[in-house]
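Colleague: Provide a 3D model corresponding to the input given below.
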Amino acid sequence: MGYRINPANAEDFLSAISQLRASRRRDGATLWRIYRDLSDPSRYIERFIVTSWAAYLHQRARATRADQETEAALRVFLLEGESVTMQHYIAER
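Modeller: Model (predicted):
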């Protein structure tokens, strides 16, 4: 998931997004990381890997209210007019 935030709020954002690690891992993610775009200091990418598309769909379906509240709390960091972006990739080999 991609987030564009005010770089002045980076530390608070990173603290808040770190709360997602446990829920992603609980629901099957084998890897979780947050990356900062070196060419755009306002852009952060959350990356997590699950074993299959079915596992990802299962993960999204079992999101708890607490998970949803954490995701909602992250949206307050977004720059005005921005929304969370999402891209999906599947391993080919």
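Colleague: which element is the closest residue in space to Asp27 that isn't next to it in sequence on?
Modeller: Counting by C-beta to C-beta, 6 or more residues apart in numbering, Asp27 lies nearest to Gln59, which is 4.0 Å off, once chain neighbours are set aside. No exception for glycine: its C-beta is placed from N, CA and C like everyone else's. For Gln59, the host element (DSSP states H and E) is helix 53-61.
Colleague: ok, and what's touching whatever helix or strand comes next after that helix?
Modeller: Next along the chain after helix 53-61, taking DSSP H and E as the criterion, comes helix 65-75. The contact list for helix 65-75, computed with C-beta atoms under 8 Å, 6 or more residues apart in numbering, reads 3, 13, 16-17, 19-20, 23, 63, 83-84.
Colleague: sorry, back to before: where's the residue nearest to Asp27 relative to Ala29, distance?
Modeller: For Gln59, the distance to Ala29 equals 7 Å [C-beta to C-beta, to the nearest Å].
Colleague: go on, Glu92?
Modeller: 20 Å.
Colleague: returning to what we had before: among the contacts of helix 65-75, which are located in helices?
Modeller: Among the contacts of helix 65-75, the members found in helices (DSSP state H) are 13, 16-17, 19-20, 23.
Colleague: Using ChimeraX, define a selection of the buried residues within these.
Modeller: Buried residues within those, by 16 or more other C-beta atoms under 10 Å, are selected in ChimeraX with:
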select :13,16,17,20,23
